[in-house]
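J.: this is a predicted model, with the sequence first.
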Amino acid sequence: MKDWIVPDWPSPARVRALVTTRAGGVSVGSFASMNLAMHVGDDPAAVAGNRQRLCAHLPAVPLWLTQVHGNRVVDAASATPGVEADATISRQPGVVCAVLTADCLPVLLCDEAGTVVAAAHAGWRGLAGGVVEAAVQAMSAPASRLLAWLGPAIGPRAFEVGAEVRAAFLSHSPEAAAAFVAKENGKWLADLYRLATLRLHALGVERVFGGGFCTFYEAGRFYSYRREQATGRMASLIWLE
């Protein structure tokens with residue numbers, strides 16, 4: 001666990017969270033070493049070994065989702081492993097919510113009383129499509145009582161997008177323009193952290209922590225699909241004790 005990230009946020013005592021990095025596993029080559037995804041071409045035995053190492057630090061096996069860049073939310077206590085969804089919630093102690101990323105933004109959420117947690121996979125498509133809003137709604141708690149933590153994602157100096165991506169966010173809120181910087185080639189640099197924070201604030205979630213990572217430039221620490229398409233995935237996990 002020394003290679004991984006424990007979120008630094010004022011969450012309740014019974015809320016636990018953990019984010020893996022690319023270190024600490026048994027995968028080799030492009031997937032070295034803590035790849036946790038079965039769908040990227042890695043040796044399944046190596047992925048199973050990595051998941052076993054991770055589970056030694058968890059109260060239960062996480063609900064592994066089939067992520068599709070959408071906004072569906074499922075309950076980790078009752079959903080079937082492999083279900084197509086991009087966010088998961090739990091109100092039951094010992095049930096682990098998890099999302100896998102390698103540039104997309106993982107968003108972890110909890111309420112201040114420690115009664116509900118959630119994890120959302122928020123790449124630009126999911127973020128524009130309302131996955132954060134869906135997760136907050138599924139938590140069924142006043143937004144003013146929620147806390148959010150933004151995990152490792154591609155940073156604003158590396159995330160180049162087309163005009164259609166900017167338009168998708170501006171159609172939702174003109175304030176999103178502040179999260180884009182124009183480039184000379186007609187493209188834009190997008191700040192996922194700022195876009196997610198704007199969405200959370202609009203919902204009434206004012207306490208937003210984390211951010212400041214860059215999966216693209218921190219090659220020794222994180223996987224990045226933009227940097228090298230054949231790559232692994234990291235997990236962001238949250239649960240109630």
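T.: Looks like it arrived, so ask away. Residues are numbered from 1 along each chain as shown.

J.: tell me the secondary structure for the most centrally placed residue in the chain?
T.: If you average the C-alpha coordinates of the chain and look for the closest C-alpha using Cα atoms, centre = their mean, you land on P106, 1.2 Å from that point. The local conformation at P106, judged by DSSP: H, G, I helix; E, B strand; the rest coil, is strand.

J.: tell me the bridge partners for it.
T.: The residues paired with P106 through beta bridges, assigned by DSSP bridges, are H121.

J.: that one contacts A135, correct?
T.: No - because the distance of 11.4 Å does not satisfy Cβ atoms under 8 Å, P106 is recorded as not touching A135. Yep, even glycine has a C-beta here, placed from its N, CA and C like the rest.

J.: so what sits against both of those two?
T.: Residues touching both P106 and A135 comprise 119-120, with contact defined as Cβ atoms under 8 Å, 6 or more residues apart in numbering.

J.: please name the residues that touch the residue nearest to the centre of the chain.
T.: Neighbour list for P106: 19, 99, 119-122, 150-153, 236 [criterion: Cβ under 8 Å, 6+ apart].

J.: retrieve the pLDDT associated with it.
T.: Reading off the per-residue confidence, P106 sits at a pLDDT of 99.

J.: for the chain, what spans make up the strands?
T.: Across the chain, reading from the start of the chain, the strands by DSSP state E fall at 15-19, 73-75, 87-90, 96-101, 105-111, 117-122, 146-150, 160-161, 180-182, 188-190, 207-210, 234-240.

J.: of all the ones you listed, which one comes closest to F216?
T.: strand 160-161 (10.0 Å; Cβ to Cβ).

J.: per-residue pLDDT, the residue of the chain most remote from its centre?
T.: Computed with Cα atoms, centre = their mean, the maximum C-alpha offset from the centroid of the chain is found at E184, amounting to 30.3 Å. With respect to pLDDT, E184 has a value of 94.

J.: try M1
T.: According to the model's per-residue confidence, M1 sits at a pLDDT of 73.

J.: how near is A202 to H57?
T.: Taking Cβ to Cβ, to the nearest Å as the measure, A202 falls 34 Å from H57.

J.: show me where the chain has helices.
T.: Read by DSSP state H, the chain holds these helices, from start to end of the chain: 44-55, 124-128, 131-139, 163-170, 192-203.

J.: what average pLDDT does the second one get?
T.: For helix 124-128, the mean per-residue pLDDT is 98.

J.: packing partners of it?
T.: When contacts are defined as 3 or more Cβ pairs under 8 Å, 6 or more residues apart in numbering; DSSP states H and E, helix 124-128 sits against helix 163-170, helix 192-203.
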